[in-house]
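S.K.: Provided below for reference: sequence and predicted model.
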Amino acid sequence: MTTTIEVGMLGLGTVGSGVVERLTRSAAKIEQTQGIRLHLAAVAVNHLNAPRTVQLPIGTRLTDSLTNVVCDRKIQLVIEVMGTVAIAKKAIVAALNQGKAVVTANKDLIATAGPELAALAKKQGCDLFYEASVAGGDSDLADINR
């Protein structure tokens, strides 16, 4: 039996485009090996009409509202690839407060607010994941990725 996880993404630049390509290319393998279907439900961008180098999967909603993605009750997992600190932190805090798992590639954000976000994730019973190289040198952040 396959479980579908509704995914929302914040950002669709170079990293975001790579995430979409990887999710699309690996979808069948993930479903076959893990029994999970990752459905990219919505992507928030700064400019709706900007040219894109990646094609979104059919049914993915493109919006210019972070709130529309973070507050969507159907979305269970938020991927943050915006590359800002203050706005990304606000969005991640909102997602965690709503019980959503979060994946971020935001090195600056984890360096400046990692322990705070980890504490919030723990308090809310959520997962906060980041790429392994983000906090490799800081032992205080070792327990963020659980």
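M.R.: Received, thanks. Everything numeric here is computed off the predicted structure, so don't read it as measured data.
S.K.: now the strands for this structure?
M.R.: Here the chain has its strands, by DSSP state E, at 3-10, 36-44, 61-63, 77-80, 101-104, 128-130.
S.K.: The ones you listed: which one's closest to K29?
M.R.: When the strands of the chain are compared by C-beta to C-beta, strand 36-44 sits nearest K29, at 10.8 Å. The way it works is simple: take the backbone N, C-alpha and C, and place the C-beta from them, glycine included.
S.K.: partner strands of that closest one, parallel or antiparallel?
M.R.: According to DSSP bridges, strand 36-44 forms sheet pairs with strand 3-10 (parallel), strand 61-63 (parallel).
S.K.: And it, what's buried?
M.R.: Going by neighbour count (16 or more other C-beta atoms under 10 Å), the buried part of strand 36-44 is 38-44.
S.K.: Likewise for stretch 57-75?
M.R.: By 16+ other C-beta under 10 Å, the buried positions in stretch 57-75 come out as 60, 66, 69-70, 72, 75.
S.K.: in this structure, which ranges drop under the pLDDT threshold?
M.R.: By pLDDT under 70, the weakly predicted segments of the chain are 132-146.
S.K.: Now render the strands of the chain as CSV, adding distance to V54.
M.R.: Listed next are the strands of the chain as CSV, based on distance: least, C-beta to C-beta, whole Å:
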stretch, distance to V54
strand 3-10, 11
strand 36-44, 10
strand 61-63, 11
strand 77-80, 14
strand 101-104, 18
strand 128-130, 22
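S.K.: what about the strands paired with strand 36-44, which gets the closest to L96?
M.R.: Of all those, strand 3-10 sits nearest to L96, with 13.2 Å by C-beta to C-beta.
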